[in-house]
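# A predicted structure for the sequence below; I have some questions about it.
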Amino acid sequence: MKIECLVLREIHMQLKAPFETSFGTVHNRRILLAEVIADGATGWGEVTAGETPAYNAETTDTSWHIISDFVAPITVGKELTTASEFPALVSQIRGNEMAKSAVENALWDVEAQLKGVPLYELLGGTREEIASGVSLGIRENPAALVKRVTEELRSGYQRIKLKIKPGKDYDYVAAVRKEFPDIRLSVDANSAYELADADHLKKLDEFNLLMMEQPLQWDDIYAHSKLQAQLKTSICLDECIYNTRHALTAIELKACRIINIKLGRVGGHTEARKIQKACCERSVPVWCGGMLETGVGRSHNIAMSTLPGFSLPGDVSASSRYWSEDIIDPPVEVTAAGTIRAPKTPGIGYAVRRDLIDKLTVRRAEWNKSKAAA
Ligand code: OSB
Ligand code: MG
């Protein structure tokens, strides 16, 4: 595959409803899309960075800078045998996983199309349908949260994840658990607590949670090992895990019993597959996290979630929960049983709506092989 052209676009999309986590509230998304053309096929990837560096260090703007000034000059014009060779090509760029991931994933889409297979099959996926769960933002009061959970369960979702932060935790979880004693329920703190809060966090053990996601600092695997030793509830790491080495460290230190894999956070499908394999070999369940993606990012998440080891419902849910109009056709839909079917057509398996993307685009840059050679 010769990378002939890379187009980078920034699109603006308004979320149907604001999404509140322990680190802030998002109303409007500024999303970068990478379009890669190789051997005549066009693939798409999405930068999953946030607008602010609150979840991790990357942002929409740092990703624009890294892709424009480093990824594009290194990669456009290069010849690869498979998309899995991409990480080696950009290994001189430290960190910036979300920026690199968008371009790599677009190449996986290209490769699947050139081979005439759905992306999930190229990745080694073993299921045609994935289990879907939802992540619910922080609400004004427990009653409002219970109402929301009721609605999501009615749509069929298989697992409910509640965002929590200090002061909006115990009472909220208690209210949901009281109303729904048997559902699969988890919480996500997005690094809002410290190890000194262990006694407080231990109180959540009584709710029989599926997991407690990333309670402590975003860069502290060791502190999570200290907390996990005191908790009945399984810790799941999200923010802490950027690569397979981090995953192996966390498993070895018993810092968690479950790992959330996000394509952007780990740098793309190649690294995600390595983490999935390492976890599978050690019987550590994994699941696919979300970053309020458009359909492009969502389609890659769906493909990844078909891999072995993705044994827990993920945060990949219907397009209509986020967007009044998604940029893919058809939008991602969830069955009454709370599953999403992986498309069977080559590549990501959804048509990308260029007309709509053009309308939403606020900046655009393009690199092609002749420019890169100059
Ligand atoms: O921690 O999983 C997270 C959204 C933005 C940043 C971090 C997270 C999230 C979510 C939402 O939980 C997942 C989604 O519905 O896309
Ligand atoms: Mg999380």
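In hand now; what should we look at? Numbers count the residues shown, from 1 in each chain. Ligands and ions are numbered 1, 2, ... in the order given.
# How about the contacts made by V316?
I130, S132, C288, G290, R298, N301, I302, S305, V332, I340 (C-beta atoms under 8 Å, 6 or more residues apart in numbering). Glycine gets a C-beta too; all of them are placed from N, C-alpha and C.
# just checking, next helix/strand downstream of the strand or helix carrying S186?
Using DSSP states H and E, S186 maps to strand 185-188. Downstream of strand 185-188, the next assigned helix or strand under DSSP H and E is helix 198-202.
# just checking, what packs against the next helix or strand after that next one?
Using DSSP H and E, the helix or strand that directly follows helix 198-202 along the chain is strand 211-213. Where contact means 3 or more C-beta pairs under 8 Å, 6 or more residues apart in numbering; DSSP states H and E, strand 211-213 is packed against strand 185-188, strand 235-237.
# pLDDT of strand 211-213, averaged?
Strand 211-213 shows a mean pLDDT of 98.
# Name the strands paired with it and say parallel or antiparallel.
strand 185-188 (parallel), strand 235-237 (parallel) (DSSP bridges).
# Report the distance from the helix or strand following the last one to the chain centre.
Past strand 235-237, heading to the C-terminal end, the next element that is a helix or strand (DSSP H and E) is helix 244-252. The chain centroid and the centroid of helix 244-252 are separated by 19 Å under C-alpha atoms, centre = their mean, to the nearest Å.
# and if you look at stretch 184-196?
So, by C-alpha atoms, centre = their mean, the centroid of stretch 184-196 is 18 Å from its chain's centroid.
# do stretch 285-302 as well
Mean-position distance between stretch 285-302 and its chain equals 4 Å (C-alpha atoms, centre = their mean).
# Pull the CA coordinates from that stretch and hand them back as PDB.
These are the backbone C-alpha positions of stretch 285-302, laid out as PDB (Å, rounded to 0.1, in the frame of the first residue of the first chain):
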ATOM      1  CA  PRO A 285     -11.100  -9.500  30.500                       C
ATOM      2  CA  VAL A 286     -11.100  -6.400  28.300                       C
ATOM      3  CA  TRP A 287     -13.800  -4.200  26.900                       C
ATOM      4  CA  CYS A 288     -13.900  -1.300  24.500                       C
ATOM      5  CA  GLY A 289     -14.200   2.200  25.900                       C
ATOM      6  CA  GLY A 290     -15.600   5.300  24.100                       C
ATOM      7  CA  MET A 291     -14.600   8.900  23.600                       C
ATOM      8  CA  LEU A 292     -17.900  10.400  22.400                       C
ATOM      9  CA  GLU A 293     -16.900   9.500  18.900                       C
ATOM     10  CA  THR A 294     -18.600  10.100  15.600                       C
ATOM     11  CA  GLY A 295     -19.600   7.100  13.500                       C
ATOM     12  CA  VAL A 296     -16.100   6.900  12.100                       C
ATOM     13  CA  GLY A 297     -14.500   6.200  15.500                       C
ATOM     14  CA  ARG A 298     -17.500   4.100  16.500                       C
ATOM     15  CA  SER A 299     -17.100   1.800  13.500                       C
ATOM     16  CA  HIS A 300     -13.400   1.100  14.400                       C
ATOM     17  CA  ASN A 301     -14.600   0.400  18.000                       C
ATOM     18  CA  ILE A 302     -17.200  -2.000  16.800                       C
END
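# how about it, does it reach ligand 1?
Yes - contact of stretch 285-302 with ligand 1 (C-beta under 6 Å from any ligand atom) involves G289, G290, M291, L292.
# Just put these in JSON lines and tack on secondary structure and pLDDT.
Listed next are the residues of stretch 285-302 next to ligand 1 as JSON lines, based on DSSP: H, G, I helix; E, B strand; the rest coil; pLDDT from 0 to 100:
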{"residue": "G289", "secondary structure": "coil", "pLDDT": "98"}
{"residue": "G290", "secondary structure": "coil", "pLDDT": "98"}
{"residue": "M291", "secondary structure": "coil", "pLDDT": "98"}
{"residue": "L292", "secondary structure": "coil", "pLDDT": "98"}
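# From those, pick the one nearest N260.
G289 (4.2 Å; C-beta to C-beta).
# contacting residues for the residue of the chain found nearest ligand 2?
Of all residues in the chain, D238 sits closest to ligand 2, at 3.6 Å by C-beta to the ion. Contacts for D238 (C-beta under 8 Å, 6+ apart) come out as D188, N190, E213, Q214, N260, K262, R265, G289.
# check those residues against ligand 2, which are close?
Restricting the contacts of D238 to those adjacent to ligand 2 (criterion: C-beta under 5 Å from the ion) gives D188, E213.
# so what does the strand or helix carrying V362 touch, helix or strand wise?
In the assignment (DSSP H and E), V362 maps to strand 361-368. Packing partners of strand 361-368 (3+ C-beta pairs under 8 Å, 6+ apart): strand 3-21, helix 72-75.
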